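Asker: sequence? don't have it. structure:
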């Protein structure tokens, strides 16, 4: 039975033959404190319980992802990422940190970048992104045991920025006393 819950405890009784002095209890929840008591029975009835002992099951990695992933474009080079925590029942321990993975367009092995926050922070500002590029973004949670699954990815595009370069090969030719013909080439792609 879980210890420490005020009035909401549920007791489970397990029975073994009188010659068995050990038992493995299975299908318990991760990172939960249990209170264990043992007593003997005869054909007349049960004896008193032993003093309770407390045991806590081990943590595991989260079994679900963070919820409600929202991305908001802040500028031409930054996107704010926010989320809500993994549901308590799916945390399976203490969330130590979150990992935000982001990539241009889609996720491919080795082509993604990641940033991390501590377990109490539920947002991250991604900075240094490329201008006017669509990013796929997802988030996962960690316990001390390891990483849980990623959330579904959401896409967001950084804002456009003013060109950093100028048109090339600008020329002007006088056509008449009151007109000039002008021509130029586009701004280099890297500077658009």
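Answerer: Nice, I can see it. Treat the numbers as computed from the prediction; the structure is a model and nothing was measured. Numbers count the residues shown, from 1 in each chain.
Asker: Which positions in the helix or strand bottoming out on mean pLDDT in the chain come out as buried?
Answerer: Across the helices and strands of the chain, mean pLDDT, DSSP states H and E gives its lowest value to strand 113-118, namely a mean of 79. Residues residue 117 are the ones in strand 113-118 that count as buried (16 or more other C-beta atoms under 10 Å). Glycine gets a C-beta too; all of them are placed from N, C-alpha and C.
Asker: what packs against that strand?
Answerer: Judged by 3 or more C-beta pairs under 8 Å, 6 or more residues apart in numbering; DSSP states H and E, strand 113-118 is in contact with strand 97-104, strand 123-126.
Asker: Can you say which of the ones you listed is packed in most?
Answerer: strand 97-104 (a mean of 19; mean count of other C-beta atoms under 10 Å).
Asker: Run me through the strand neighbours of that one, direction for each.
Answerer: Paired neighbours of strand 97-104 in the sheet (DSSP bridges): strand 113-118 (antiparallel), strand 134-142 (antiparallel).
Asker: any chance of the ones you listed in TSV, with distance to residue 16 too?
Answerer: Converted to TSV, the strands paired with strand 97-104 look like this (distance: least, C-beta to C-beta, whole Å):
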stretch	distance to residue 16
strand 113-118	45
strand 134-142	38
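Asker: how about those, which one is nearest residue 187?
Answerer: Smallest distance to residue 187 across those (C-beta to C-beta): 21.2 Å, for strand 134-142.
Asker: which other residues reach the least confident helix or strand of the chain?
Answerer: With contacts defined as C-beta atoms under 8 Å, 6 or more residues apart in numbering, strand 113-118 is touched by 96-103, 123-124, 126.
Asker: wouldn't residue 153 be in contact with residue 134 here?
Answerer: No. Look at residue 153 against residue 134 with C-beta atoms under 8 Å: they stay out of range, at 11.3 Å.
Asker: who's more crowded, those two?
Answerer: Taking neighbours as other C-beta atoms under 10 Å, residue 153 and residue 134 compare with residue 153 leading, 17 against 12.
Asker: quick one: the more buried one from residue 80, how far?
Answerer: Residue 153 sits 16 Å away from residue 80 when distances are taken as C-beta to C-beta, to the nearest Å.
Asker: Once you drop chain neighbours, what's closest to the residue nearest the centre of the chain?
Answerer: Geometric centre of the chain, nearest residue: residue 140, 2.2 Å, by C-alpha atoms, centre = their mean. In space, and not counting its chain neighbours, residue 140 is closest to residue 150: 4.6 Å by C-beta to C-beta, 6 or more residues apart in numbering.
Asker: next one: residue 119
Answerer: Closest to residue 119 by C-beta to C-beta, 6+ apart is residue 95, at 4.0 Å.
Asker: The chain: helices as residue ranges?
Answerer: Counting by DSSP state H, the segments of the chain that form helices are 88-91.
Asker: show me where the protein has strands.
Answerer: Using DSSP state E, the strands of the chain run over 33-36, 41-42, 45-46, 53-56, 67-73, 79-84, 97-104, 113-118, 123-126, 134-142, 154-157, 168-176, 179-185.
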